[in-house]
Every structure is written in structure tokens, then in C-alpha cells.
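> what's the 3D shape of this:
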Amino acid sequence: MALMPKRVKYRKSQKGRVKGNATRGNYVAFGEYGLQTLDPGRISAQTIEAGRVVASQAVKGGGKLYIRIFPHKSVTAIPAETRMGKGKGEVEFWAAVVKPGTILYEISGLSEDAARAAFNRVAHKMPVTCRFVTRRPTV
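Prediction:
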């Protein structure tokens, strides 16, 4: 089942613009390895779910998967071959807005090779360019 908010104050939101780099959620906090975006963009709830399915197949109970993004933004669309006017379209899907540097997924309890292979499969499903990152050593 795709992610979406339980309730929102306003059903339809404006597009907005993605400016700058991520200042929050831009380091590996829960697992040992993470998948980080390099481009700005929107990731739909269906895409997040597809990535979760692929990553959880790779984990197979041997580790833990963390999803670090949530689709808060509603994306609307008007049906095809509709004349101009008549207002804003209905909500088509929910999306997560990501800035460059945002961590999408994290994995713990796997070897680096297994995590790299899992995130390689997940990255192919993402609409943005991603890279594999590791947790920084703490002092």
C-alpha cells in the first residue's frame, strides 16, 4: 500500500520549487549504509514503495531497512482532452519533495557488498540520480 498522509489541512497544494541543498536528513542516522540523492525532484509514493519492496527482498530478515522520506505533497492533474478553465484537477498521487543530499533509504545489519547491491537495484527505480553512502565515524 502506497504511503500518504492520514489527513491534511488543504487537499490541493501548489507546485513550488526545489532550491538549494538538503540541510536536514542529509546524513546516515539509523543504519550503516544509505542511498543519497544528487538531484532535486519529486518521488511518488508508488516509487517509494517499489524501492522498499526491492530493498526488503535484498535484506530478507538479515538486516533492517529504514525509509527516510514521506510523501506529503499532493500532485493534481486534469483529465486528457479537457478544455482550459474549470479549475484545478483532482489529486492524482502523493509525492515526497527531495533536495540534493537527502537520504532516501538506510540499511543496517548487512555487509557493504550486499547493501551496495541492494541500493543499486533501488537506485534504478528512482527518478533522481542517487549514490551509496556510509555512516560517518563518530568520535
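> tell me where this protein has strands.
Here the chain has its strands, by DSSP state E, at 33-37, 41-44, 64-67, 73-77, 90-98, 103-108, 130-134.
> and the third one, what other elements does it pack with?
In this structure, strand 64-67 packs against helix 45-59, strand 103-108, with contacts taken as 3 or more CB pairs under 8 Å, 6 or more residues apart in numbering; DSSP states H and E. All C-beta spots, glycine's among them, are computed from the backbone N, C-alpha and C.
> hmm, who's touching that strand?
30-31, 48, 52, 55-56, 59, 104-109 (CB atoms under 8 Å, 6 or more residues apart in numbering).
> quick one: which of those residues is nearest to Asp39?
Distance to Asp39, by CB to CB, is smallest for Leu104 among the contacts of strand 64-67, at 11.7 Å.
> what's the local residue count around the nearest residue to Lys86 once chain neighbours are set aside?
Distances taken as CB to CB, 6 or more residues apart in numbering place Ile78 nearest to Lys86, at 7.8 Å, with adjacent residues excluded. When neighbours are counted by other CB atoms under 10 Å, Ile78 registers 14.
> tell me the contacts of Ile78?
Lys86, Lys88, Gly89 are the contacts of Ile78 under CB under 8 Å, 6+ apart.
> perfect, that will be all.
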